[in-house]
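> Take this sequence and fold it.
(chains A, B, C and D)
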Protein chains: 2
Amino acid sequence: MNKELHELIKGPAVAVDTVVMAINKDELKTLLIKIGSGPYKDKWAVPGGLIQLNEIPEKAAIRVLKNKTNIQRGHLEQLYTFGDPDRDVRGNIISIAHLLLIPDLEKYILKTVDFYTDIGWFSVNKLPVTAFDHNKIINLAHKRLKDKMTYSTIASSLLPKYFTFTELQRVYEIVWRRRIDKRNFRKRMTDVDIIIPVNKFKKGSFRPAQLYKFKENRLVYF
Amino acid sequence: MNKELHELIKGPAVAVDTVVMAINKDELKTLLIKIGSGPYKDKWAVPGGLIQLNEIPEKAAIRVLKNKTNIQRGHLEQLYTFGDPDRDVRGNIISIAHLLLIPDLEKYILKTVDFYTDIGWFSVNKLPVTAFDHNKIINLAHKRLKDKMTYSTIASSLLPKYFTFTELQRVYEIVWRRRIDKRNFRKRMTDVDIIIPVNKFKKGSFRPAQLYKFKENRLVYF
DNA sequence: GCAAAAGTGTTGACAATACACCCATGC
DNA sequence: GCATGGGTGTATTGTCAACACTTTTGC
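Down below sits the predicted model:
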């Protein structure tokens, strides 16, 4: 950061940071990149970067993600804006934190850029040491996801188009970190009327499971 | 706004806007100031201003409020960050919107500064034409307040230190815009155990009313 | 026939709602 | 004594949690 330029407009710079979350192998995971140099060398960080002039924050989040992780779509929403001037020793940077949900992390080929020495998925329950206040941001993202799953269809963004009732339930169990009764879960999901069966079944060495899809693609509150 | 300077750091400027809310005469009111010149002349606006370098957004919100309205304390929380580059025709300004709650608007002597030609309280149900996206910000503030009153002690910030059960209920009725049954309300508030009676009574030409206070001054979730 | 996951109802506890009358005071 | 707001209990309904067995398939 160039501090003199900041002084000229007497204001902080603005960045976007995006907590990417996905379910994989019965765990909620988030995507981190390892910083290659500077005061935070070898620390893991939530992917982020400066917003450009006349750029909508959501667009900036996607641009930065595509550049630094090779991920370029998913359900995106704003989380909170962190503005403590001491959060980054390199200068006063205000960060608009976002949450991005994707359905299947194994579909993505991760790629990052030179400044970062590594990129990878981490269980939110076993996070490495992170730079800045990124642990706080990840925890906030997890909390938002937990809360919003009780009254909206946000879980749809963590699932493929077609899924079984059990797969849907596992998403809830993993994010909420607790077991759910199968019958109560099915009753509740049927009552709120957000998923519908499709004429397909998942097969395996067991009884075929009815596949479902969400009634609407957009986020619905119930 | 000086566009050249922005180009140098290739980023937007950052402002804070604060929706001040209070209850008065059985209405939820918000504080607006009337813009004196420029493209938004004679439009009403939520008080706001640019954040300074190395300034925490919350501090900036209070500084700007004190300067432009003469209000300098209350319960403050962040609402949302609005970043659409087109929201202000004068330049790319990202605004961190806040909500400030105060207990008794009649205690404040409003004062504004030269750039504004008027200042006043408006019922959130009868808003004038506002500049920018300020109508949206006020509606979001109202929604946040409504929602948060169902599971927290945030209503305490709209009341004086001591209050009657009826006064507390009126705050809920005004913000929620619906009547509440007196007995059910008292049972619920007693169950969640957030207020305690004090050894004082409110007198009038009727039976004296027990005064209560909130158990804790800080915001508690139940 | 057995392993593995799918699918299905009932009961009890608690929370939210609906509803009406008497009480204490000032004037 | 009457006007004004203060204060109280019960019955009903709806929602959430606890709980176990049968079904269908592949091998």
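> okay, and the helix or strand of chain A with the least pLDDT?
Here the helix or strand of chain A ranked lowest by mean pLDDT, DSSP states H and E is helix A:3-9, holding a mean of 46.
> what's across from A:Y116 in the sheet?
Residues in a beta bridge with A:Y116, per DSSP bridges, are A:I35.
> I figured it hits A:K68, correct?
Yes: between A:Y116 and A:K68 there is a contact under CB atoms under 8 Å: 6.9 Å. Quick note: C-beta positions are derived from backbone N, CA and C, even for glycine.
> Tell me the helix or strand right after the helix ranked longest in chain A.
Longest helix in chain A by number of residues, with DSSP state H as the criterion: helix A:134-149. Sequence order places strand A:163-164 as the next helix or strand after helix A:134-149, per DSSP states H and E.
> who's more crowded, A:Y116 and A:K68?
More crowded of A:Y116 and A:K68, by other CB atoms under 10 Å in any protein chain shown: A:K68, with 22 against 18.
> Who are the packing partners of the helix or strand hosting the more buried one?
Applying DSSP H and E as the criterion places A:K68 in helix A:57-69. Helix A:57-69 makes packing contacts with strand A:13-24, strand A:27-35, strand A:48-50, strand A:75-82, strand A:93-101 when contacts are defined by 3 or more CB pairs under 8 Å, 6 or more residues apart in numbering or on different chains; DSSP states H and E.
> ok, now with 10 Å
Applying 3 or more CB pairs under 10 Å, 6 or more residues apart in numbering or on different chains; DSSP states H and E, we find helix A:57-69 packed against strand A:13-24, strand A:27-35, strand A:48-50, strand A:75-82, strand A:93-101, strand A:116-123.
> ok and the first one relative to helix A:134-149, angle-wise?
What it means is strand A:13-24. If you take axes from the mean of the first three to the mean of the last three CA atoms, to 10 degrees, strand A:13-24 sits at 60 degrees to helix A:134-149.
> can you give me the angle strand A:13-24 makes with strand B:93-101?
If you take the same axes, to 10 degrees, strand A:13-24 sits at 80 degrees to strand B:93-101.
> Just the element for the residue in chain A positioned nearest to DNA strand C, please.
With CB to the nearest atom of the strand as the measure, A:R183 is the residue of chain A nearest to DNA strand C, at 2.9 Å. According to DSSP H and E, A:R183 maps onto helix A:182-192.
> what does that helix rub up against?
Applying CB atoms under 10 Å, 6 or more residues apart in numbering or on different chains, the set of residues contacting helix A:182-192 from outside is A:151-153, A:155, A:165-166, A:168-169, A:172-173, A:180-181, A:195, A:212, A:220, A:222.
> what residues does chain A put near DNA strand D?
Neighbours of DNA strand D within chain A, by CB under 7 Å from any atom of the strand: A:D181, A:K182, A:R183, A:N184, A:K187, A:R188, A:K203, A:G204, A:S205, A:F206, A:R207, A:P208.
> buried ones in stretch A:97-105?
Neighbour counts over stretch A:97-105 (16 or more other CB atoms under 10 Å in any protein chain shown) mark A:A97, A:H98, A:L99, A:L100, A:L101, A:I102, A:P103, A:L105 as buried.
> Look up the closest residue to the fifth one, ignoring the ones flanking it.
In other words, A:L101. Spatial nearest neighbour of A:L101, excluding adjacent residues (CB to CB, 6 or more residues apart in numbering or on different chains): A:S157 at 3.8 Å.
> Kindly report the same for the first one.
Among residues not flanking A:A97 along the chain, A:L79 sits closest, at 4.3 Å (CB to CB, 6+ apart).
> ok, the one you found to B:L145 distance?
Going from A:L79 to B:L145 by CB to CB, to the nearest Å gives 20 Å.
> And those two? Which one has more around it.
Comparing A:L79 with B:L145 by other CB under 10 Å, the one with more neighbours is B:L145, at 23 against 20.
> got a pLDDT number for A:N2?
Looking at A:N2, its pLDDT is 41.
> quick one: the longest helix of chain A near chain B?
No: using CB under 10 Å from any CB of the partner chain, helix A:134-149 stays clear of chain B, with a minimum separation of 10.6 Å.
> shouldn't A:G36 be in contact with A:D118?
Yes: when contacts are counted by CB atoms under 10 Å, A:G36 is listed as touching A:D118 (8.7 Å).
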